[in-house]
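Colleague: structure for this input, please:
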Amino acid sequence: DLSEAYPQLDTDESYSLDIPSIFSAEDKEKGKETTTKSEQSQQVIHLTAQTVYGALLGLQSLSQLVLYDFDSGDYRIPATPIAIHDAPRYPHRGMLLDTARHYQPMHFLEQTVDALSWAKYNVLHWHVVDTQSFPFESV
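Modeller: Sure thing, here's the model as predicted:
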């Protein structure tokens, strides 16, 4: 399903992520830690999903596996090969944010929204106003 419609509770968010090893068993025994450009270009990461939302979760998992090596300036994925076959346990994974009663600065709200995708949440319930705190008047 390549539909980009809003996800529903029955949307299939499962995915499979396969990351091959760039070193053979012999290379690991010899302590080899570098590869040539041709060896690197032969490696392919496979991500399969039934929907765009499954693909997004798979990409999020991949981004969490990649590490940056500041000494060499390279991106690495340690402990390969990796095979992940995953699906959310619960269809509704959300968070309640109550800024009506508890003021939060804008940078906190932005960080929270970013963190929701990292934790693979799919619902943000934002309690913006409350009659006890202040009425919201829209123009």
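
Colleague: now the strands for the chain?
Modeller: Along the chain, counting by DSSP state E, strands occupy 15-19, 46-49, 67-69, 74-76, 82-86, 94-98, 123-127.

Colleague: export those to JSON lines and tack on distance to Glu110, mean pLDDT and mean neighbour count?
Modeller: Yep, even glycine has a C-beta here, placed from its N, CA and C like the rest. As requested, the strands of the chain are exported to JSON lines (distance: least, Cβ to Cβ, whole Å; pLDDT from 0 to 100; neighbours: other Cβ atoms under 10 Å):
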{"stretch": "strand 15-19", "distance to Glu110": "27", "mean pLDDT": "94", "mean neighbour count": "19"}
{"stretch": "strand 46-49", "distance to Glu110": "28", "mean pLDDT": "95", "mean neighbour count": "15"}
{"stretch": "strand 67-69", "distance to Glu110": "23", "mean pLDDT": "89", "mean neighbour count": "10"}
{"stretch": "strand 74-76", "distance to Glu110": "25", "mean pLDDT": "86", "mean neighbour count": "11"}
{"stretch": "strand 82-86", "distance to Glu110": "27", "mean pLDDT": "94", "mean neighbour count": "13"}
{"stretch": "strand 94-98", "distance to Glu110": "12", "mean pLDDT": "90", "mean neighbour count": "13"}
{"stretch": "strand 123-127", "distance to Glu110": "12", "mean pLDDT": "89", "mean neighbour count": "12"}
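
Colleague: which one, of the ones you listed, ends up nearest to Gln104?
Modeller: Among those, strand 94-98 comes nearest to Gln104, with 7.5 Å by Cβ to Cβ.

Colleague: which strands and helices lie in contact with the closest one?
Modeller: When contacts are defined as 3 or more Cβ pairs under 8 Å, 6 or more residues apart in numbering; DSSP states H and E, strand 94-98 sits against helix 106-118, strand 123-127.
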